[in-house]
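Peer 1: What follows is a predicted structure for the sequence shown.
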Amino acid sequence: MKIDERHLIQLAAVVKTGGVTEGAALLGLAQPAVSRTLSMLEKRVGEPLFIKGRRPLQPTPLGLSLAEHGFVMLAASRKASDLVESFRVGKSGVVRIGGTPFFMDALIARLCAEFQASHPDVRIDQSYGYFPDLRAALKADQIDLAICPIDILDEGSGLEFQQILPGRNVVACRVTHPLLLKRRPQPSHLLDYPWIAPPPGSPLLADLRALLLSFGATEIKIRYSGSSLMSVINYLKSADALTIMPHSVVFAQRKEKTITALPITIPHPERALAILKRVDAPRAPAVDQFADFVRLGFQELRHLIKRHEESVIWGL
């Protein structure tokens, strides 16, 4: 004997509320429709489902047993409805993001934690990469968003980007570096110290080479190459080495009081940190909510970084 699952759900609602009218209201149905369903179900099983003359309605043993199956389906239905509504407003789902290591570690990881404080049912899957790899991952639908430095997109790329932070590099060093004792360090002074190379594939590597060549260097004293932000910071803390970093990354470490920016002006890169996504990506409310959260977070960060920059006397 096959019993319609919807009939069991309606039976469960009536048993739960103790009345047909109340059960119909719980399900958003009309009372006559629920009455017909119960009548059809009784005919189907050939047994009464409620004890006659009892108010509120009291199920028979068979009615209660069938209602228990309906309770399970009613709970599952409610849970599914809540899940759909939660997904629709961006309160649940999965956000797949990829980005460059320094920015992800210094800035984005913290924003992920803050976002999940108000969106605990959203899972965030993070991966690392530079623009060519991130572009390929976006097109292959392996990530939803890429957060990376970019200058310009090719026409017809199928991607759209929103700038969240202008490009600004600084020379980073430990807070006890000898150059910080100089009132106005000159570019030539920087050539007296060893350098840490950014990770292979990073646009910072080209920035570093161009910077040192502009200072008149014929050879670059690369003494260490770190693939992660933590490795570079730990090396800087223990040596009088220098490296090139985005100002925002150094700014994010200010409370640790381990590294800082040398007060010397260097050229700005012709690119900006941006959020990239596919133009034809299917709608994903949680992804949209996260992207908006990151944009708002960087709006505040831009102002803080600008104030920090203005408080430092940059060399000329």
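Peer 2: Structure received.

Peer 1: Just give me the neighbour total for residue 129.
Peer 2: Other residues near residue 129 number 20, with proximity taken as other Cβ atoms under 10 Å. Heads up, the C-betas are built off the backbone N, CA and C, glycines and all.

Peer 1: Skipping adjacent residues, who's closest to it in space?
Peer 2: residue 98 (5.1 Å; Cβ to Cβ, 6 or more residues apart in numbering).

Peer 1: same deal with residue 93?
Peer 2: Closest to residue 93 by Cβ to Cβ, 6+ apart is residue 286, at 3.5 Å.

Peer 1: Give the other helices and strands that the helix or strand containing the one you found contacts.
Peer 2: Following DSSP states H and E, the helix or strand that holds residue 286 is helix 285-310. Packing partners of helix 285-310 (3 or more Cβ pairs under 8 Å, 6 or more residues apart in numbering; DSSP states H and E): helix 61-88, strand 92-99, helix 109-118, strand 121-128, strand 145-150, strand 159-166, helix 247-252, strand 272-278.

Peer 1: Which stretch among those is buried most, on average?
Peer 2: Neighbour counts (mean count of other Cβ atoms under 10 Å) averaged over each of those peak at strand 145-150, with a mean of 24.

Peer 1: Hmm, the residue nearest to residue 93 is touching residue 89, no?
Peer 2: No: when contacts are counted by Cβ atoms under 8 Å, residue 286 is not listed as touching residue 89 (9.1 Å).

Peer 1: Compare the two and say which is more crowded by neighbours.
Peer 2: Neighbour totals were compared for residue 286 and residue 89, and residue 286 leads with 23 against 12 (other Cβ under 10 Å).

Peer 1: need the contact list for the more buried one.
Peer 2: Taking Cβ atoms under 8 Å, 6 or more residues apart in numbering, we find residue 286 in contact with 87, 90, 91, 92, 93, 94, 95, 119, 122.

Peer 1: And it, how far from residue 79?
Peer 2: 18 Å (Cβ to Cβ, to the nearest Å).

Peer 1: Tell me what residue 224 is bridged to.
Peer 2: Beta bridges link residue 224 to residue 196, judged by DSSP bridges.

Peer 1: give the contact list for it.
Peer 2: By Cβ under 8 Å, 6+ apart, the neighbours of residue 224 are 194, 196, 197, 235, 239, 241.

Peer 1: ok so, going back, arrange the helices and strands packed on helix 285-310 in a markdown table, one row each, with mean pLDDT as further columns.
Peer 2: Shown next, in a markdown table, are those (pLDDT from 0 to 100):
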| stretch | mean pLDDT |
| --- | --- |
| helix 61-88 | 86 |
| strand 92-99 | 94 |
| helix 109-118 | 96 |
| strand 121-128 | 95 |
| strand 145-150 | 94 |
| strand 159-166 | 91 |
| helix 247-252 | 93 |
| strand 272-278 | 94 |
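
Peer 1: Done for today, thanks.
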